[in-house]
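[1] generate coordinates for the sequence data below:
(chains A, B, C, D, E and F)
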Number of protein chains: 6
Amino acid sequence: MPNRILWINPGRPPDNLNREFQQILDQEKRPDTVVEVVSTERGPRDLEYRYFEALVLPDVLHRIVRAEREGFDAAIIGCFYDPGLEAAKEVTRIIVTAPAEASMHIAATFGHRFSIIVGRETWVPQMMENVNRYGMKSHLASFRSIGLPVREMQADPAETVRRIRDAAQRAVAEDSAEVIILGCTMEYGLFREIQGTLGVPIIDPVLSAFKFAELLVELKKRYGWAQSKVSGYESPPAEQILQWGLQEEYGVDGLWEGTPQRRDRG
Amino acid sequence: MPNRILWINPGRPPDNLNREFQQILDQEKRPDTVVEVVSTERGPRDLEYRYFEALVLPDVLHRIVRAEREGFDAAIIGCFYDPGLEAAKEVTRIIVTAPAEASMHIAATFGHRFSIIVGRETWVPQMMENVNRYGMKSHLASFRSIGLPVREMQADPAETVRRIRDAAQRAVAEDSAEVIILGCTMEYGLFREIQGTLGVPIIDPVLSAFKFAELLVELKKRYGWAQSKVSGYESPPAEQILQWGLQEEYGVDGLWEGTPQRRDRG
Amino acid sequence: MPNRILWINPGRPPDNLNREFQQILDQEKRPDTVVEVVSTERGPRDLEYRYFEALVLPDVLHRIVRAEREGFDAAIIGCFYDPGLEAAKEVTRIIVTAPAEASMHIAATFGHRFSIIVGRETWVPQMMENVNRYGMKSHLASFRSIGLPVREMQADPAETVRRIRDAAQRAVAEDSAEVIILGCTMEYGLFREIQGTLGVPIIDPVLSAFKFAELLVELKKRYGWAQSKVSGYESPPAEQILQWGLQEEYGVDGLWEGTPQRRDRG
Amino acid sequence: MPNRILWINPGRPPDNLNREFQQILDQEKRPDTVVEVVSTERGPRDLEYRYFEALVLPDVLHRIVRAEREGFDAAIIGCFYDPGLEAAKEVTRIIVTAPAEASMHIAATFGHRFSIIVGRETWVPQMMENVNRYGMKSHLASFRSIGLPVREMQADPAETVRRIRDAAQRAVAEDSAEVIILGCTMEYGLFREIQGTLGVPIIDPVLSAFKFAELLVELKKRYGWAQSKVSGYESPPAEQILQWGLQEEYGVDGLWEGTPQRRDRG
Amino acid sequence: MPNRILWINPGRPPDNLNREFQQILDQEKRPDTVVEVVSTERGPRDLEYRYFEALVLPDVLHRIVRAEREGFDAAIIGCFYDPGLEAAKEVTRIIVTAPAEASMHIAATFGHRFSIIVGRETWVPQMMENVNRYGMKSHLASFRSIGLPVREMQADPAETVRRIRDAAQRAVAEDSAEVIILGCTMEYGLFREIQGTLGVPIIDPVLSAFKFAELLVELKKRYGWAQSKVSGYESPPAEQILQWGLQEEYGVDGLWEGTPQRRDRG
Amino acid sequence: MPNRILWINPGRPPDNLNREFQQILDQEKRPDTVVEVVSTERGPRDLEYRYFEALVLPDVLHRIVRAEREGFDAAIIGCFYDPGLEAAKEVTRIIVTAPAEASMHIAATFGHRFSIIVGRETWVPQMMENVNRYGMKSHLASFRSIGLPVREMQADPAETVRRIRDAAQRAVAEDSAEVIILGCTMEYGLFREIQGTLGVPIIDPVLSAFKFAELLVELKKRYGWAQSKVSGYESPPAEQILQWGLQEEYGVDGLWEGTPQRRDRG
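    Got it, this is the predicted structure:
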């Protein structure tokens, strides 16, 4: 039975993005993986602001709950802010991961310190929270900004590559970074060129999240390991959701019906 | 001109709650404060789960944006998880605060270490993130759980008081806490009785958030101090919101129209 | 009954300073606040050195104990080193606060990271201790020095403003500070001009301490919250002070007599 | 071309151990993985002491350098102390990982906090260093000891299981652990039984290291990601090793000859 | 030329204490050390409160400045709170150390984690500041209180020993302490008996401070190493002290006259 | 009876090094100290790589075990990486120390923050681990590299001095360092010249380790203080070493025979 992974691009990204991601992931997947790339039915083009993240979060979580019912083994939240990752681990028992989580755990095994290349300085405070959440503060060499908002990153790829390479070089030379993480999924595919000239690992957040998801799915299927349900990831009880009429209020009729009684502990 | 403060109980709390909060706050307010208590038009009864928080967040943020247009000086997000506080500081220029933020800053000035009394152990991981976010880790003596979900807290106040007092006593005796914070707005009003017998400050999260908001409003009006807009709290540009049709998609027609061009830096 | 607040400028500051502070605070106070500005009867002109701080500390503490007897509701120790703040919370039950404590708690709610503008690099190690004591290390972007000792700060205000603005600008641009704290009470009143051009909140330590004190007094009067007396702020027993003849030795006859038995716990 | 992984049990473990590990890993491997289990030709039976670790380290490193020449894609150092992992990343360009590194990175994605079950309290200080090295301090709920040295762990598996289950239960109930890591490779295979009754993920360090190695090998082959060679993992120059006669002195003639000039940076 | 060390018991301790300390130190000193034990001319019997510490601080500092003029090579501030140690390093160029500083640096080399035995729980917050100041937080296993104020410690030595032994045993068994520090100079001389039965190093704060001072004096005389004067320990300029009339105000006529111009940097 | 100290230069350093160190230490020793400088019988010329450290470690530890049998009171591992220091404290009951441990504990008493001058950037990650292990992270101002491998340091001393002085000056001016530690024993003897012009303490790692060892030996002889044997430094049981034939396998026949049963706790 194949391992089914759902990649969710939160919001409504540029038209061709899902198609491109589908191609990339189909090409990179293990033989026994089946991957599907979707976005949400509404939402902003990118998640540069916390407001935009708040808007798409309910739809992302509902899509993941639905994915579990549809038999998916994992869902990946495709944005380097890892929006809703904690909430997603709460609502579901299937594997959920996201680019920042995966990239940092991988980067930390390849070097003592890594730098994260961001689009704009304004991203740093929220990403710093993720660095702390994942325990990676002592591994962080620096954030380096290239001064480009998300929507301009794929507009002039050559310029974007130039800026990333420059930022990465300075991170290595001035901040003692040993590994570089590209801090935006819109920087996908650019790592190869930069890695070749720089000589340090350049972690692509799309590929790292996808491969990490495949690993976690395998661990769950083989050994039953997945997010623990005894404390912070305890799922909300379906009965409460139904009784409070949340399905109707949020337009997700039937989503939570018939789900196993989800309260995990007494 | 009075200082207008909006207290938002996120979700749809028990019928009488808004009324009770309105009474309490009217009684506790400064002479020149006008306070209004509301909840959102839909949502869960409480926010015990991150999922519930995600559901109400867009409505809470939209209510705050509207509050700014209506001339409010501050909004308080009335839940000890401080849900959406960071996003709220991003979307608006009026003062926003919340119970955990206010309670911890106040408690830290009254003792070296404080304990937070929570309803259930499952709350701890998310609240620990707030402790870290506010820089209060070295001030935290412990979390102590009373084994009660939110909805049962006001059902049997005597039992709730008994459990809180017991937990607080153990926090003082065993964890060296010098101050106690009640870690749920549903524990409102219970502090006086406990404080009397225990002899340490018991911080009520409703009162601390409200009084802290009054302070911040005064600081903003007198000195122009408010959330900085140069980095992590930069507001999303209204033009983008309009152009992407987010108002229509999320049912908030006109909310962002005519707002000043909100992108704060070049 | 008005809230009576005592502002203590430790040592013997320039002649006009108390008068100027009295004017400022009278102008900024709440209607029901009465404020009195004093300095100690002896001591250095400023507290640039720990030695100077040690010299004035006994007189500051005695002034605060006397303030409690005189019916004051709060005392503010008017120096950004917050000299003796911990000891003051120990000797008295009235509210005590100080500029660094107040400024950092306020700044932390307005931005993820703040920078502190100091007069000289030599101040940093002691101030860093306060940053750690208040739990603000993760909120600290940087210290920035303007290379001016305290006594020269008000000599050429235009030059001082120029240097502060320059330091603040670099803190924002290079250290990712979102908020600026003026790290010396002698920088009072300069914030407005700088804030106007810089566009980030510039926290004035005199105003923040004063307004924070007003808040804490209100909290104490309304809710009985004040420094906890169960551990580190337990007051020394008056009987011991009397019996050991400390009043005579330190020239404070009668100061501790008739005070309630102050040992707070068995 | 298959992915060739070498599992090294450092020292001379009980006779059947390599055979058992070979069986387990053959059963758990991906289709395109070929795994070989070896131990060193001399050394202690277990690594309970740092001295024992020091003794086997040169042989372990030499075995890894040889593995690279033999075409292996990865080496796993099979002890939960991760002995020599840093040095191994230095001497080679093939993937190297070890049980503690792999288990902690995996556990951190499945729960906010994990506990590590150790054999004896004496292990804790060294393992705490690894917890800090991997950035996992904030994820650590506790160490829990079962009071058994390594050599007795497989002697009475039923008793060992009983003790681990008891320790794990207390970690969950008293230390708020959400995930359990078995802190010794000699606890291999016991996780299933415990996991079934406890209801939290019990991470087996052998399986996690093996699966993590497979992931890293895939990442290296596909994307060229591996330990960075620009700083702390820079390899020692082969020329120096040859010139200083280290091959002869340490009985590894020819090991370093003909290797590419390994100094990674100018 | 002998190394002259001044031991200062701050305040007015029990009559025989200086004599006893003189005997102990004379017995423990290096052949080329000359030691003198003094107390201040006024002050409390012990320093259980920050207020008491504030009272004696000016006299302690003045005694140290005088010691420098008298040709002493070092001064030891004889209280485990290390009162005024930072200020002392500022006012003088001779060596200054104190029991907590010395004991923690020594204990950290003898074990991964140490516990500090205090008289009362109320001491902990201030001592925790010293633990943090010296960078010893990760080395601290626990504070353990014996429930005795300073003045009762030498009243019934047998009972004190019994309590310390009990606290130390629990620190080893329950907190994983490997080394015990006696957290009060009034616990002097009790270590031997406890160490014999407990089997872990019990650090006597009097002896560790004295021996550490001898080391530092030797380092200064041989290599010129002493507290750095370029930043936080820069001495106050004598000219300023004289000009401001501080000598007269604080009754230390002539103390600062003729001292070398002490401002250390431009 | 004299205090016998063994200085071990791990590996085979340049021919004259042991002789020079012997001269220096004979000149610097206390009257009652006897010091002997040795190196191991095989090994690399320096320890620039972890691999080199791993190679010499067994011989270093065996030399220390032998030193204990020969009646030495202390052994010093003469490399600023402090290689094997933890393992050495485990295998023996005599005093063991090393340059980084000693230098950091001393430097921390002379200034709030110190910088460490290293030869190459590649050294930093491993040395950072030692900084963390000793609890010195908050005391670390910076690492500063002079871009010279160990073997070139004594080749052109004038150039080395010039680079160190330059690095030290920048550490003081730009990183707020108050004390400088020379981060390589090959920088021995250079401190005086630099200290003279820089005006801050320059800690020589050879002298600090030696003098610190003398102190610890005195503490052990007088008070019985040494590395605790109850947890992380518990020695391996000699019986196990003999029974497993480790003496034969590692060419140290008889080394462990007749040693007291070394398992320290039941």
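[2] what residues does chain A put near chain F?
    By Cβ under 8 Å from any Cβ of the partner chain, the residues of chain A that approach chain F are A:112-113, A:138, A:176, A:178. All C-beta atoms are positioned from the backbone trio N, CA, C, and that covers glycine.
[3] recalculate using a threshold of 6 Å.
    Within chain A, the positions adjacent to chain F are residue A:112 by Cβ under 6 Å from any Cβ of the partner chain.
[4] which parts of chain A sit against chain D?
    A:105, A:110-112, A:135-136, A:138-139, A:178-179, A:200-201, A:215, A:225, A:227-228, A:230-232.
[5] can I have the buried ones of those residues as a PyMOL selection?
    A single PyMOL command selects the buried members of those (16 or more other Cβ atoms under 10 Å in any protein chain shown):
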select buried, chain A and resi 105+110+111+112+135+136+138+139+178+179+200+201+215+225+227+228+230+231+232
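[6] so which of the residues of chain A next to chain D sit within strands?
    If you go by DSSP state E, those have residue A:179 in strands.
[7] quick one: stretch A:160-178 near chain C?
    No - judged by Cβ under 6 Å from any Cβ, stretch A:160-178 stays clear of chain C, getting no closer than 12.8 Å.
[8] name the residues that touch that stretch?
    Contact with stretch A:160-178 is made by A:111-115, A:117, A:141-142, A:144, A:146, A:153, A:180, A:190, A:193-194, A:198, A:200, D:228, D:230-231, as judged by Cβ atoms under 6 Å, 6 or more residues apart in numbering or on different chains.
[9] can you map out the strands along the stretch 51-200 of chain A?
    A:74-77, A:95-97, A:114-118, A:140-145, A:179-182 (DSSP state E, counting those that start in this stretch).
[10] packing partners for the longest one?
    Here strand A:140-145 touches strand A:114-118, helix A:157-175, going by 3 or more Cβ pairs under 6 Å, 6 or more residues apart in numbering or on different chains; DSSP states H and E.
[11] give the buried residues for that strand.
    Buried residues in strand A:140-145 (16+ other Cβ under 10 Å): A:140-145.
[12] pLDDT of it, averaged?
    Strand A:140-145 shows a mean pLDDT of 98 in the predicted model.
[13] same thing with the third one?
    Averaged across strand A:114-118, the pLDDT comes to 98.
[14] residues in contact with the residue in the stretch 1-150 of chain A that chain B sits nearest to?
    Of all residues in the stretch 1-150 of chain A, residue A:125 sits closest to chain B, at 3.2 Å by Cβ to the nearest Cβ. When contacts are counted by Cβ under 6 Å, 6+ apart, residue A:125 is found next to B:232, C:112.
[15] so what's the closest residue to chain F within the stretch 101-250 of chain A up against?
    Here the stretch 101-250 of chain A gets closest to chain F at one residue, residue A:112, 4.0 Å apart by Cβ to the nearest Cβ. The neighbourhood of residue A:112, defined by Cβ under 6 Å, 6+ apart, consists of A:178, D:232, F:125.
[16] which SS class is residue A:26?
    Look at residue A:26: counting by DSSP: H, G, I helix; E, B strand; the rest coil, its state is helix.
[17] secondary structure element for the residue nearest to it when sequence neighbours are not counted?
    Spatial nearest neighbour of residue A:26, chain neighbours left out: residue A:35 (6.5 Å); criterion: Cβ to Cβ, 6 or more residues apart in numbering or on different chains. Element membership for residue A:35, per DSSP states H and E: strand A:33-39.
[18] list the contacts of the lowest-mean-pLDDT helix or strand in chain A.
    Here the helix or strand of chain A ranked lowest by mean pLDDT, DSSP states H and E is helix A:150-153, holding a mean of 88. Residues from elsewhere that reach helix A:150-153 (Cβ under 6 Å, 6+ apart): A:46, A:48, A:119, A:160, A:186.
[19] number of residues surrounding the last one?
    Meaning residue A:186. Neighbourhood size, residue A:186 [other Cβ atoms under 10 Å in any protein chain shown]: 25.
[20] how close does the closest residue to chain E within chain A get to residue F:214?
    The nearest approach of chain A to chain E comes at residue A:138, 12.5 Å away (Cβ to the nearest Cβ). From residue A:138 over to residue F:214 the distance is 35 Å, taken as Cβ to Cβ, to the nearest Å.
[21] chain B contacts on the stretch 151-266 of chain A?
    Proximity of the stretch 151-266 of chain A to chain B (Cβ under 6 Å from any Cβ) is limited to residues A:231-232, A:234, A:236, A:244, A:249.
[22] still on that earlier bit, closest to residue E:71 out of the strands of the stretch 51-200 of chain A?
    With Cβ to Cβ as the measure, strand A:140-145 is the member of these nearest residue E:71 (50.3 Å).
[23] which residue is nearest the middle of chain A?
    With distances taken as Cα atoms, centre = their mean, residue A:98 lies nearest the centre of chain A, 2.4 Å away.
[24] how near is the closest residue to it other than its chain neighbours to residue A:96?
    Nearest residue to residue A:98, sequence neighbours excluded (Cβ to Cβ, 6+ apart): residue A:82, at 3.7 Å. In this view, residue A:82 and residue A:96 are 10 Å apart by Cβ to Cβ.
[25] between these two, which has more neighbouring residues?
    Using other Cβ under 10 Å as the criterion, residue A:82 and residue A:96 rank with residue A:96 on top: 32 against 28.
[26] who are the contact partners of that one?
    By Cβ under 6 Å, 6+ apart, residue A:96 lies in contact with A:75, A:88-89.
[27] make a markdown table out of the strands of the stretch 51-200 of chain A and add distance to residue B:169.
    Shown next, in a markdown table, are the strands of the stretch 51-200 of chain A (distance: least, Cβ to Cβ, whole Å):
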| stretch | distance to residue B:169 |
| --- | --- |
| strand A:74-77 | 43 |
| strand A:95-97 | 40 |
| strand A:114-118 | 45 |
| strand A:140-145 | 41 |
| strand A:179-182 | 47 |
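[28] for residue F:221, find the nearest of the ones you listed.
    For residue F:221, the closest of the strands of the stretch 51-200 of chain A is strand A:140-145, at 46.0 Å, according to Cβ to Cβ.
[29] so how far is the closest one off the chain centroid?
    Chain-centre distance of strand A:140-145: 19 Å, with Cα atoms, centre = their mean, to the nearest Å.
[30] contact partners of that strand?
    A:113, A:115-118, A:120-121, A:124, A:131, A:167, A:171, A:175-177.
[31] considering the buried residues of strand A:140-145, which is situated nearest to residue C:206?
    Within those, distances to residue C:206 taken as Cβ to Cβ reach their minimum at residue A:143, with 34.5 Å.
[32] so the closest one versus chain D, what's the distance?
    Taken as Cβ to the nearest Cβ, to the nearest Å, the spacing of residue A:143 relative to chain D amounts to 17 Å.
[33] how far is stretch A:249-257 from where the chain is centred?
    Computed by Cα atoms, centre = their mean, the chain-centroid distance of stretch A:249-257 equals 25 Å.
[34] for it, buried residues please.
    Across stretch A:249-257, burial judged by 16+ other Cβ under 10 Å covers A:250, A:252, A:255-256.
[35] tell me the two of the contacts of helix A:150-153 that are most distant?
    It's A:48 and A:160 that sit farthest apart of the contacts of helix A:150-153, by Cβ to Cβ, at 15.6 Å.
[36] the strand holding residue A:35 packs against which elements?
    Packing partners of strand A:33-39 (3+ Cβ pairs under 6 Å, 6+ apart): strand A:3-9, helix A:15-28.
[37] reformat the ones you listed as CSV; add mean pLDDT and mean neighbour count.
    Output for the helices and strands packed on strand A:33-39, formatted as CSV (pLDDT from 0 to 100; neighbours: other Cβ atoms under 10 Å in any protein chain shown):
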stretch, mean pLDDT, mean neighbour count
strand A:3-9, 98, 23
helix A:15-28, 95, 15
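[38] and these as a markdown table, adding distance to residue E:5?
    Below are these laid out as a markdown table (distance: least, Cβ to Cβ, whole Å):
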| stretch | distance to residue E:5 |
| --- | --- |
| strand A:3-9 | 70 |
| helix A:15-28 | 70 |
